[in-house]
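J.: got a predicted structure plus its sequence, pasted below:
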Amino acid sequence: MDLTDRISNHFDDSIQTKLKAKDALARPIADAAHALVACLMNDGKILSCGNGGSAADAQHFAAELINRFEIERPALAAIALTTDSSVLTSIANDYDYSQVFSRQVRGLGMPGDVLLAISTSGNSINVVEAMHAAHERDMRVIALTGRDGGTMKEILGANDIHICVNVQNTARIQEVHLLTLHCLCDAIDYLLLGGE
């Protein structure tokens with residue numbers, strides 16, 4: 001196969017994955033946006049976490065909220081739990097890597113806050129532990145997963161929201177996750193400020 005054809009196939013596959021996900025994900029994304037706005041309007045904050053590419057997504061989302069997305073607005077309270085190397089390495093060293101997010105949730109999370117938990121497999125142990133910690137702190141969880149949702153799907157509470165990209169390919173899941181995060185940013189701004 002010619003390399004340009006291979007690249008074109010990636011574009012086609014990404015487009016088709018997004019089109020298939022659109023109908024399944026529009027409602028849970030809208031529900032998540034409402035939950036995030038309710039949290040922010042009640043002086044709550046959003047904590048986000050994930051590993052690897054999902055860590056980058058958690059940071060990207062927090063940056064869009066703290067700074068701005070596409071329109072000018074005040075900063076919104078969001079913290080990525082993936083960014084403080086001293087905190088992460090001390091927890092991993094003194095306890096276990098599975099606790100790097102949950103310990104932060106227990107220290108920073110308050111009732112009414114929201115945890116955005118991101119994992120393409122839905123099985124990341126440290127993200128699962130963060131969800132348990134969020135539930136202990138009376139926090140709502142928005143789980144952004146792929147495939148069949150994994151363990152994260154199984155531990156969701158009745159008040160939690162699951163946004164699952166039901167495909168197997170990690171790259172396609174991550175691409176839809178990024179689009180989902182941009183949809184959330186836009187929806188938050190729309191719900192808070194109105195406009196087109």
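T.: Now that the structure is in, tell me what you want to look at. Residues are numbered from 1 along each chain as shown.

J.: show me where the protein has its strands.
T.: 46-49, 78-80, 114-118, 140-146, 161-165 (DSSP state E).

J.: other SSEs contacting the third one?
T.: Packing partners of strand 114-118 (3 or more CB pairs under 8 Å, 6 or more residues apart in numbering; DSSP states H and E): helix 3-41, strand 46-49, helix 53-66, helix 125-136, strand 140-146. All C-beta atoms are positioned from the backbone trio N, CA, C, and that covers glycine.

J.: can you list contacts of stretch 148-158?
T.: Stretch 148-158 has contacts (CB atoms under 8 Å, 6 or more residues apart in numbering) with 117, 119, 121-124, 127-128, 131-132, 135, 140-141, 143, 145, 162, 164, 166.

J.: now, of those residues, which are buried?
T.: 117, 119, 121-124, 127-128, 131, 135, 140-141, 143, 145, 162, 164, 166 (16 or more other CB atoms under 10 Å).

J.: one step back: possible to save the helices and strands packed on strand 114-118 as a markdown table with distance to residue 83 and mean pLDDT?
T.: Formatted as a markdown table, those follow (distance: least, CB to CB, whole Å; pLDDT from 0 to 100):
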| stretch | distance to residue 83 | mean pLDDT |
| --- | --- | --- |
| helix 3-41 | 20 | 97 |
| strand 46-49 | 10 | 98 |
| helix 53-66 | 6 | 98 |
| helix 125-136 | 15 | 98 |
| strand 140-146 | 18 | 98 |
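
J.: just name the most buried of these.
T.: Between the helices and strands packed on strand 114-118, strand 46-49 has the highest mean count of neighbours, a mean of 28, where neighbours are mean count of other CB atoms under 10 Å.

J.: which residues sit against that one?
T.: Among residues not part of strand 46-49, those counted as contacts by CB under 8 Å, 6+ apart are 36, 39-40, 55, 57-59, 61-62, 65, 76-82, 101, 104-105, 108-109, 113-118, 126-127, 130, 134, 139.

J.: and what of stretch 26-39?
T.: Contacts for stretch 26-39 (CB under 8 Å, 6+ apart): 45-46, 112-114, 140, 142, 161-163, 180, 183-184, 187-188, 191-192.
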